[in-house]
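Q: requesting a structural model of the entry that follows:
(one chain, ligands or ions: 1)
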Amino acid sequence: MNTKKKTLSLALSRNFLFLLGLISMLAFACNDGPKNEKQKTNPADIVVDGKMLAELTSPPFVPAPVGNRSAKHLVVEMEILEEEGTMTDGVQYMYWTFGGTVPGSFIRARVGDEIEFHLRNHPDNKLPHNIDLHAVNGPGGGATSSFIAPGREAVFHFKVLAPGLYVYHCATAPVGMHIANGMYGLILVEPEGGYPPVDKEFYVMQGDFYTKGEYGEPGLQPFDMKKAIKEDADYVVFNGAVGALTGDNALNVNVGETVRLFVGNGGPNLSSSFHAIGEIFDKVHMEGADLINTNVQTTMIPAGGAAIVEFYVDVPGEIILVDHAIFRAFNKGALAMINVAGEPNKTIYSGKVEEGIYLPEGGGIQEMPRSPEEIEKAKPAEFLSKAQRIDMGKNVYMQTCFACHQAEGQGIPDVFPPLANSDYLNADVNRAIDAVLFGLSGEITVNGKKYNSVMTAQTVTDREAANVLTYIYNNWGNKGVEVTEEMVQSRRKK
Ligand code: CU
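A: Prediction:
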């Protein structure tokens, strides 16, 4: 028994020494071994295996992942089209495009592919163009080799050496103008074996546009070079137009899916503070490159740059993609929607559980602070003409009502109701007086739209109330009522 044990332990210690030796040999081998040799293989030396035609897709779709396919001689056929399109309702724009869309067709390749690029300039086009792909190592990213007049085709080759998401764009002078008209897109270079699979992939690309008319001014809007030089964009949009990814064009995903967005920024000028309202990016390939950041709220995408963002969808509802330079989102078009279908998870997000009126100062509606002296000063009650009331009422309006109801009584959409052409005001003068004296809360309908905000009671004299209401009733298409101090007094006593 004992001997057996000893023999065993001797054997173990011999084995141990042998193992130590083996480990050190392996460690040595690992430094220079065949596995690492392979990792070090210069992508330029990867041998291609056969020829294939690249699948190109229009946004927001992307071609099938490369998966495990070997490096290929990959033929890309890209056609340039100058086409009129819709920037937003009633606004047309002459887009210059790669493949008929803004952004241009998505190209998907893998490291080691040898791309045979055919750039075709449609005979109906008016201008020469070319292409600069940021995935190219070579002069102009291909621009110098691909410059072509309408009705011509240029062919050049390049080998893709580095994985990542790359912008391509036209680089024909004036370069800024060609880009500003929509000549940009993305080429994805996957590493060998591809990126890890996800459930949904989409193609989203931001761009800024410069038009002679202001945002929304109808008609065919020409490009405005002066605004472009000043970087004073009229439109900042995803996928070439306001609403390209909202409403019926919104992206659709399901709870429990992983989503990967290939996001580019064509510029020409503005960097994007790319953000998803209601979602955290689990992973971001920063700048479209190898470095992966996790749990990102907003990722910076420079003009001529890209990012790959990934997230798991936990709950149903809407995810809103924006440029978080937020006026661009709500006033210039940089807003896209992802509709998420599926079962709620009340632990992760409850939805609205309760709503009530918030009165931090105790019961009743709050009053705007105002000194008793000021109120006293405004008291004398001699007779005023209607014209005088309107005049004096305007001052009261600009001091107390303007912030919410705005200069022309237009209100603030969905928040503060309009006073202009207001059916609510014109239907009942006493109700309007009460709102000024006592405040107003709860849901009301004005011109067919529902509002549910709180108007504070205004600390005004009877005269000021009479004047400001007379001003409001005699402007912006309202029905011209004169409100007197007596009318206000009788409501105050009620
Ligand atoms: Cu061009």
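Q: how does this protein divide into domains?
A: 51-341, 372-493 (automatic domain parsing).
Q: was I right to think Met52 contacts Val76?
A: No - using CB atoms under 8 Å, Met52 makes no contact with Val76, being 10.5 Å away. From N, CA and C alone the C-beta is placed, and that goes for glycine too.
Q: more neighbours, those two?
A: Higher neighbour count among Met52 and Val76: Val76, with 20 against 13, using other CB atoms under 10 Å.
Q: so who does the closest residue to that one other than its chain neighbours touch?
A: Excluding the flanking residues, the one nearest Val76 by CB to CB, 6 or more residues apart in numbering is Ala54, at 4.6 Å. Applying CB atoms under 8 Å, 6 or more residues apart in numbering, one finds that Ala54 lies in contact with Pro63, Leu74, Val75, Val76, Glu77, Ile107, Arg108, Ala109, Ile115.
Q: ok, Gly193 next?
A: Contacts of Gly193 by CB under 8 Å, 6+ apart are Gly67, Asn68.
Q: how close does it sit to Thr41?
A: Gly193 is 14 Å from Thr41, where distance means CB to CB, to the nearest Å.
Q: and for Asp132?
A: The value you get for Asp132 to Thr41, if CB to CB is used, is 28 Å.
Q: which of those two has more neighbours?
A: Asp132 (23 against 12).
Q: Pro139 is in contact with that one, correct?
A: No - assessed by CB under 8 Å, Asp132 is found out of contact with Pro139, at 9.7 Å.
Q: surely Glu201 meets Val62?
A: Yes - the pair Glu201 / Val62 is scored as a contact, 5.0 Å apart, by CB under 8 Å.
Q: shared neighbours, these two?
A: Shared contacts of Glu201 and Val62, counting by CB under 8 Å, 6+ apart, come down to Phe262.
Q: what segments of the stretch 101-250 of the chain are helices?
A: 143-146, 175-180, 225-230 (DSSP state H, counting those that start in this stretch).
Q: Asp248 is nearest to which of those helices?
A: Between Asp248 and the helices of the stretch 101-250 of the chain, the tightest spacing by CB to CB is seen for helix 175-180, at 27.3 Å.
Q: export only the CA atoms of that closest one, formatted as PDB.
A: This file holds the C-alpha atoms of helix 175-180, laid out as PDB (Å, rounded to 0.1, in the frame of the first residue of the first chain):
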ATOM      1  CA  VAL A 175     -16.000  68.200 -52.900                       C
ATOM      2  CA  GLY A 176     -18.200  69.800 -50.200                       C
ATOM      3  CA  MET A 177     -21.000  70.300 -52.700                       C
ATOM      4  CA  HIS A 178     -20.900  66.700 -54.000                       C
ATOM      5  CA  ILE A 179     -21.000  65.400 -50.400                       C
ATOM      6  CA  ALA A 180     -23.700  67.900 -49.400                       C
END
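Q: identify the residues contacting it?
A: Here helix 175-180 has contacts from 96, 129, 169-172, 207-210, 223, 225, 228-229, 266-269, using CB under 8 Å, 6+ apart.
Q: same question for stretch 240-257.
A: Contact partners of stretch 240-257, identified using CB under 8 Å, 6+ apart, comprise 59-60, 85-89, 95, 101-103, 182, 198-200, 202, 204, 207, 235, 237-239, 259, 312-316, 321, 333, 335-343, 345.
Q: same thing but 6 Å
A: 87-88, 102, 182, 199-200, 202, 238-239, 259, 313, 316, 333, 336-342 (CB atoms under 6 Å, 6 or more residues apart in numbering).
Q: do the same with stretch 423-443
A: 357, 365, 446-447, 450, 452, 454-458, 465, 469, 478-479, 481, 488, 491-492.
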